[in-house]
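K.L.:
generate a structure from the sequence data that follows.
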Amino acid sequence: MLPAKIRGLLESALAHHNAGRRAVAEPLYRQVLAAAPRNFDALHLLGLAALQDGRFAEAVELLRRALTVNPAAAVCELRLGAALLASGSPAAAETHLRRAAERAPELPEAWFHLGLALRARGSAGPGREALERALRLRPDYPEALEHLGALVSRTEGYAAAVPLLRRRADLQPDCAEALANLGVALAQTPDREQALAVLDRALELDPANAQALTGRALVLQETYRVEEAVACYGRAIAANPANFEARSGRLFSLHYLDGVSRRQLREEHAAYAASLPLAPPFTGRHVPDPARRLRVGFLSPDLRAHSVAYFLEPILRHLDPEQFETFLYHDHPRLDAVSERFRAGAGCWRHVAPLSAAALEAVIRADGPDIMVDLAGHTGLNRLPLFARRLAPVQVTYLGYPDTTGIREMDHRLVDAVTDPVGEAEECASEALCRFAPTAWSYAPPEAAPAPAPAPSAAAGQVTFGCFNNFSKVSDSTLQCWAQLLGAVPAARLLLKWHGLSTPAIAARLRARLAAFGLDPERVELAGRSPDLAAHLGLYARMDVALDTAPYHGTTTTCEALWMGVPVVTLRGDRHSSRVGASLLAAAGHPEWIADSPAEYVRIAAGLAADASGRAAARTGLRRDLARGPLLDHPGQAARFGAALRGFWARWCGEHPLTAPAGPPISLLRDGGEPIDLAEHAFRRLSA
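P.N.:
Alright, predicted model coming up:
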């Protein structure tokens, strides 16, 4: 074919390509290659068309061929890097993208894609630098703003990402995806009313936008509109069944609602598991020696000033380092003094918040833990889809979530016999339940806690009931109990405290809801966030009797109230989330404050209101009661926890006996320290 004809074909193909008619352009490029197989422009542009159409393997092959013809072509190098990145090869992509950026440092796209490759490989700092350089070259680069915003949200928190995502949305004010990303970031800040407005605008533009629906559901949940949140999560899942964040959010929200049966919860968790991709076979090489020192990983977004940390820290502090090497994976942007304590005590500490799922999986597999412990369940920022890919021979869930994960690859769940009674709880769990201790928690009272103050009723002349639980837990049935209680104790008042309750818009809506249940707004005080933990705990000086919520109990707030000398009344239900209060009160030595019916709940609380001397004794005696029980027996709880881990490992070794070396018998400990043969320690699982 004559050069002039080749040039004409290329010009015609390029015109069609630029007009978006790639289906017309590609045959023309192929005609050129049939006549001139090493024509750089045809190889390059045909590779670009394949990349644009999502045919990444074909794009890589064509662009590699083009580079052999013209190795100095920076734009072709950039596009090959982009194709490799899109095909899941960030390491190979990085090589070509660095070369493109070196050859054409003025090219913002080279720095943008290099930033994406570095982020995919877990290099958050260099990735951010590359994205920022792309934006210096092209300040109105929407994709760079979007990805930099996502990176900043994972490394510094959502509030820090808001300005970037706002700039992104301002560039294309009618882009639903940009508004959805901004709204989701705002949803994690106190400015939730603005978040809702932004997300509603995104949904006007695209009613099925799963990201906007998920963010809107989160705002509704965080502003105590739980039924609406559950419905919105459902819409997000319908729009994208693989939206695991929405699936987890919906599962978590269901626990707040009255009328959700244990069977429904079991089926909903099973549906989550069924939506996950099939896991590849586990290929780790672990020596099945039941006696050797174990590598135990803990993955959580809450290794910071958070309720999970308050219960985990005393166990890890006393876990035997000769038996266990700990790997802590902190999956949250925030690092604080609590994080530093965890870091100081860990065998290995990794801050993994910036990592993609693939990068985090690679890090954990390289560390090779024998046991991985999930501390999030279906709470926010969880990584359950990774656990479904089996990160370790033994996988355990604990602390963060009051229910099963539903995931078949999660082997065990640590509970106690009060929260999960033998014989009835197994049918609702996909994991084997291990009742490893008298109570499943080990509480570390905050050093900032002031001494218990005298009962406030002595000075005020009236009793103050209170609840500092997450207000999402304040169900309709809880409000009915409280209304009956205030009717039974006419002079009493009610103090409620949680984030946002003092915000005018939220407070007005909640007061209307309280009034609908017969709670006189004049007798109810709503308080918001305290400036620090000491101030928060100091507010217990204004409370005579703490009221637990149902069907979702408090955990940290119950322990805090008891530590501050305030009796807690709880209503025992039929599942883990509504038995936590019973477990904690039994551990504190006060089962008499556990009710088994709403009428008994009201009777116990009214009785405490009438017993001034009993309440005065509690102010001075509850700390002593806690110290006598398992909640503050940190060495004992750590030993029981460690024994459970060793039991799990021994079971795995027994299931992989071919190369297992002989070792000493493994035993767990009874509550009093008496050994139990492993054969006696029965684990129950649902049949597949």
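
K.L.:
domain ranges for the protein, per the record?
P.N.:
As given by automatic domain parsing, the domain ranges for the chain are 288-442+634-657+665-688, 457-632.

K.L.:
by mean pLDDT, show me the worst of those.
P.N.:
Mean pLDDT values for those show the minimum at domain 288-442+634-657+665-688, a mean of 89.

K.L.:
wait, residue 176 sits on residue 198?
P.N.:
No - judged on CB atoms under 8 Å, residue 176 makes no contact with residue 198 at a distance of 10.7 Å. (Glycine included, C-beta is placed from N, CA and C.)

K.L.:
what comes into contact with the strand or helix carrying residue 349?
P.N.:
According to DSSP states H and E, residue 349 maps onto strand 348-351. Contact with strand 348-351 is made by 325, 326, 327, 328, 329, 330, 335, 342, 343, 363, 367, as judged by CB atoms under 8 Å, 6 or more residues apart in numbering.

K.L.:
how about CSV for the domains of the chain, with distance to residue 224 added?
P.N.:
CSV is the format used below for the domains of the chain (distance: least, CB to CB, whole Å):
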stretch, distance to residue 224
domain 288-442+634-657+665-688, 16
domain 457-632, 5
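
K.L.:
among the contacts of strand 348-351, which lie within strands?
P.N.:
Judged by DSSP state E, the contacts of strand 348-351 include 325, 326, 327, 328, 329, 330 as members of strands.

K.L.:
which other helices and strands contact the helix or strand residue 46 falls within?
P.N.:
Residue 46 belongs to helix 40-52 when assigned by DSSP H and E. Here helix 40-52 touches helix 3-18, helix 22-35, helix 56-69, helix 74-86, going by 3 or more CB pairs under 8 Å, 6 or more residues apart in numbering; DSSP states H and E.

K.L.:
circling back: any idea which of the contacts of strand 348-351 has the most stuff around it?
P.N.:
Tallying neighbours with other CB atoms under 10 Å puts residue 329 at the head of these, with 28 neighbours.

K.L.:
tell me what that residue is bridged to.
P.N.:
Counting by DSSP bridges, residue 329 forms beta bridges with residue 299, residue 350.

K.L.:
now do the contacts for it.
P.N.:
Going by CB under 8 Å, 6+ apart, residue 329 touches 297, 298, 299, 300, 350, 352, 360, 363, 364.

K.L.:
can you pick out the most distant pair from those?
P.N.:
Using CB to CB, the two most remote members of the contacts of residue 329 are 300 and 363, lying 14.9 Å apart.

K.L.:
before we move on, the earlier item: redo the ones in strands among the contacts of strand 348-351 as JSON lines? Include distance to residue 545.
P.N.:
Shown next, in JSON lines, are the ones in strands among the contacts of strand 348-351 (distance: CB to CB, whole Å):
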{"residue": "325", "distance to residue 545": "45"}
{"residue": "326", "distance to residue 545": "40"}
{"residue": "327", "distance to residue 545": "43"}
{"residue": "328", "distance to residue 545": "38"}
{"residue": "329", "distance to residue 545": "40"}
{"residue": "330", "distance to residue 545": "37"}
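
K.L.:
and which of those residues is nearest residue 459?
P.N.:
Of all the ones in strands among the contacts of strand 348-351, residue 459 sits closest to residue 330, with 44.0 Å by CB to CB.

K.L.:
measure that closest one to residue 383 for me?
P.N.:
Distance of residue 330 to residue 383, computed by CB to CB, to the nearest Å: 12 Å.

K.L.:
that older thread, mean neighbour count, the helices and strands packed on helix 40-52: which tops it?
P.N.:
helix 74-86 (a mean of 24; mean count of other CB atoms under 10 Å).

K.L.:
got the angle between it and helix 40-52?
P.N.:
Orientation check (axes from the mean of the first three to the mean of the last three CA atoms, to 10 degrees): helix 74-86 against helix 40-52 gives 30 degrees.

K.L.:
who's in contact with helix 74-86?
P.N.:
By CB under 8 Å, 6+ apart, helix 74-86 touches 40, 44, 47-48, 50-51, 54, 56, 59-60, 63-64, 66-67, 70, 90, 92-97, 99-100, 103-104, 107, 109-110, 113-114, 116-117, 120.

K.L.:
buried among those? Make that a PyMOL selection.
P.N.:
Remark: buried members of those, expressed as a PyMOL selection using 16 or more other CB atoms under 10 Å:
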select buried, resi 40+44+47+48+50+51+56+59+60+63+64+66+67+90+92+93+94+96+97+99+100+104+107+109+110+113+114+116+117+120
